[in-house]
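>>> Predicted model, plus sequence, below.
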Amino acid sequence: MQVSGFVKFNQNIALIATTNDFIAANEGGGGPWSKVAGNPTLQPRESNNFDWAFEYYFDGEGYVSAALFYKDLVNWTRQNDQIIDFTNDSTADGANYFIPGFHDRIANADGNFNDDSGAPYAIGDCIAPPDLGRFSSFEDGNQGSVSGLEFRV
């Protein structure tokens, strides 16, 4: 339920040298950008529960028990991941997190882009990071039930 959040940029050249197509195909993974934010509007987790148990204790030796339970999950939170553009963040009024000269890199060695093309880059090339990355937050809405029977000896 925290109000705060953060944007993270991984300085690893292999992550910077990816493309938007690669990140989109991997559902926001594999790139240098990520963002996590809390959700202060989350409702409390709720469940309606029923538990019934029978226990029989032996004279100083142990016990046997059987329990029946049912849990109706009324409101449970779930993680919501989406791909966003870190140069025009729609979840933060169009914020642009890219800082030229800080987020881009001048290659200090030859290499290949970390995507399906494997296109080469050379020493001295300016490599700009992809615009896309993963945004994670939490939202209300999961429902379901759990039931079962337990035996202990």
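Everything's here; your move.

>>> Pull out the buried residues from the strand with the most length in the chain.
In terms of residue count, the longest strand belonging to the chain (DSSP state E) is strand 63-85. Using 16 or more other CB atoms under 10 Å as the test for burial, strand 63-85 gives 77, 83-85. Every residue, glycine included, has its C-beta placed from N, CA and C.

>>> of the residues you listed, closest to D115?
Lowest distance from D115 to these (CB to CB) belongs to I83, with 15.3 Å.

>>> Grab the most central residue of the chain for me.
With distances taken as CA atoms, centre = their mean, S136 lies nearest the centre of the chain, 4.8 Å away.

>>> which residues sit in contact with that one?
Contacts of S136 were listed using CB atoms under 8 Å, 6 or more residues apart in numbering, and they are 34-37, 79-81.

>>> Greatest separation within the buried residues of strand 63-85: which pair is it?
So, the buried residues of strand 63-85 by CB to CB: farthest apart are T77 and D85, at 25.6 Å.
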